[in-house]
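Trainee: fold the following.
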Amino acid sequence: MKFVAGDVIQLKSGGPEMTVIEFDAATGWVSCSWFVGSELKTASFPVEAVGECKLFVDGAY
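Mentor: Alright, predicted model coming up:
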């Protein structure tokens, strides 16, 4: 699966909605950010661990 900056994703195991910052097709890693309260968090995940946010797929937004 390919992602672009601005996509909203989620870990397949659940968790918060995260915004894609960068997708590196060469390595297969997705860098993303999200908020916990007012604190900005960032992390990178292997593309196999993430998917489209369920709320967006279900048409809630």
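Trainee: tell me which other helices or strands the helix or strand in which Ile21 is found touches.
Mentor: Ile21 is part of strand 14-24, with elements assigned from DSSP states H and E. Helices and strands touching strand 14-24, by 3 or more C-beta pairs under 8 Å, 6 or more residues apart in numbering; DSSP states H and E, are strand 8-11, strand 29-36. Backbone N, C-alpha and C define where each C-beta goes, glycine included.
Trainee: try 10 Å
Mentor: strand 8-11, strand 29-36, strand 39-46, strand 50-52, helix 54-57 (3 or more C-beta pairs under 10 Å, 6 or more residues apart in numbering; DSSP states H and E).
Trainee: show the contacting residues for the residue most central in space within the chain.
Mentor: Per C-alpha atoms, centre = their mean, the C-alpha nearest to the average position across the chain is that of Ile9, at 3.2 Å. Counting by C-beta atoms under 10 Å, 6 or more residues apart in numbering, Ile9 makes contact with 1, 3, 15, 17-20, 23, 30, 32, 34, 45, 47, 49-53, 56.
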